[in-house]
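Chemist: Prediction below, plus the sequence it came from.
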Amino acid sequence: MKKLISMPMTAGTLAEYPPTRSLEAACRHFDCDGLEVIWGGEDLPENIPEHLHVGYHLTFFPDWLDFWRADRRALTRKFGSATAWTSFYGGPEGPDTLLKLYSEDLDRAVRWGAEYVVFHVSDVSVEEGYTYRWEHSHQEVVDAALEAINTLLSGRNLTLAFLVENQWWPGFTFTMPALTRCLLDGIQYENKGIMLDTGHLMNANLELRTQEEGADWVSRMLEEHGGLGSMVRGIHLHQSLSGAYVKAHTGSLPDPWPVDYAEQFCQSYQHILSIDTHRPWTTPAVRALVERIAPEWLVHELSAANRAERDKRLEIQSRALGVL
């Protein structure tokens, strides 16, 4: 099992690790083997030691299905104008714009030398994040994601693993084994699997109150998936106990609610962070959970505003795993 640190590839983040070799020292300190990175809109750095290049999280849009379908009525309701959604997504509505972005990012992952890439299979609008009234079914999202994934991978001579990540929004949640099988069977690529996000899975159960209950819930979903559990090849490790927040802060839109989409998006950011907290596990119960899954890759995917906070949370979770 390779243990990794999740790291956005931005100049601001990398500036906290001068010289770049200090990234290697940070990995060693937390008993980690390398990084899972996500593109930050800048050229990927060339001075990070190659043996740290392990995982790559592909770019994503939380709300993409209506754009993929070129549903101008839905897009107009959300964005107000074609100018607004064209600016947001980087091109005209339809599959071609998104496939170009995904393809360019997959090319970056290949150049980076990634062993695996991660792809979100979910869809949620800014409004749905507040109302929790879904406009698309889980199956609709999975079917469209399969179109995107298979088109993206078609004709490529790849060796890296393609891992789908669960969310708690419509799409792949790892709570419905039949849908999980549908997704995995539908991916026309041999080297595939699941990146199981423990915090996202906890977000799918609003009744959880303790980390121990969260670990039991993840174990129960693994049991319900039976043999499909062997397809869990990686873990995004963090915990989220936000059921009380969700019950208190969802069901309707905030008042006042901005008209401008960009303002809506910005306003919703803290709301989403309050649901998906990405906090470190502190209970020893997580150790047994990881041992049960025995993943190829374990990623510390922890929320942090800076290196000091990241280091503190890495230390907390590493201690829970018994490695510090």
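Modeler: It's in.

Chemist: Could I get the buried residue list for the helix or strand hosting Gly214?
Modeler: Taking DSSP states H and E as the criterion, Gly214 maps to helix 211-225. Of the residues in helix 211-225, Gln211, Gly214, Ala215, Trp217, Val218, Met221, Leu222, His225 count as buried by neighbour count, 16 or more other C-beta atoms under 10 Å. All C-beta spots, glycine's among them, are computed from the backbone N, C-alpha and C.

Chemist: average pLDDT for that helix?
Modeler: Helix 211-225 shows a mean pLDDT of 98.

Chemist: Check stretch 242-257 too.
Modeler: pLDDT averaged over stretch 242-257 gives 97.

Chemist: Burial check on the nearest residue to Arg21 once chain neighbours are set aside, number of neighbours?
Modeler: Closest residue to Arg21 apart from its sequence neighbours, by C-beta to C-beta, 6 or more residues apart in numbering: Pro49 at 7.3 Å. Neighbour count of Pro49, defined by other C-beta atoms under 10 Å: 13.

Chemist: any idea how far Ala145 is from the closest residue to Ala161 other than its chain neighbours?
Modeler: Closest residue to Ala161 apart from its sequence neighbours, by C-beta to C-beta, 6+ apart: Tyr116 at 3.9 Å. From Tyr116 across to Ala145, the span is 17 Å (C-beta to C-beta, to the nearest Å).

Chemist: same for the helix or strand hosting Ala248, what does it pack against?
Modeler: Ala248 belongs to helix 243-249 when assigned by DSSP H and E. Using 3 or more C-beta pairs under 8 Å, 6 or more residues apart in numbering; DSSP states H and E, the elements in contact with helix 243-249 are helix 261-275.

Chemist: circling back: contacts only, for the residue nearest to Ala161.
Modeler: Counting by C-beta atoms under 8 Å, 6 or more residues apart in numbering, Tyr116 touches Val54, Gly55, Tyr56, Leu160, Ala161, Phe162, Leu163, Met195, Arg233, Gly234, Trp297.

Chemist: got the contact list for whatever helix or strand comes next after the helix holding Gly214?
Modeler: Later in the chain than helix 211-225, the nearest helix or strand by DSSP H and E is strand 232-237. Residues outside strand 232-237 that contact it (C-beta under 8 Å, 6+ apart): 6, 55, 116, 118, 161, 163, 165, 193-200, 222, 281, 286, 290, 293, 295-301, 317.

Chemist: Ok, stretch 269-276 next?
Modeler: Gly129, Tyr130, Gly199, His200, Asn203, Ser240, Ser242, Tyr245, Val246, His249, Ser303.

Chemist: For these, give me JSON lines that also has distance to Arg313 and neighbour count.
Modeler: Formatted as JSON lines, those follow (distance: C-beta to C-beta, whole Å; neighbours: other C-beta atoms under 10 Å):
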{"residue": "Gly129", "distance to Arg313": "24", "neighbour count": "19"}
{"residue": "Tyr130", "distance to Arg313": "27", "neighbour count": "20"}
{"residue": "Gly199", "distance to Arg313": "13", "neighbour count": "25"}
{"residue": "His200", "distance to Arg313": "17", "neighbour count": "26"}
{"residue": "Asn203", "distance to Arg313": "18", "neighbour count": "24"}
{"residue": "Ser240", "distance to Arg313": "13", "neighbour count": "24"}
{"residue": "Ser242", "distance to Arg313": "17", "neighbour count": "20"}
{"residue": "Tyr245", "distance to Arg313": "19", "neighbour count": "15"}
{"residue": "Val246", "distance to Arg313": "22", "neighbour count": "16"}
{"residue": "His249", "distance to Arg313": "24", "neighbour count": "14"}
{"residue": "Ser303", "distance to Arg313": "8", "neighbour count": "17"}
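
Chemist: Just the closest of those to Pro19, please.
Modeler: Of all the contacts of stretch 269-276, Ser303 has the smallest distance to Pro19: 25.8 Å, by C-beta to C-beta.
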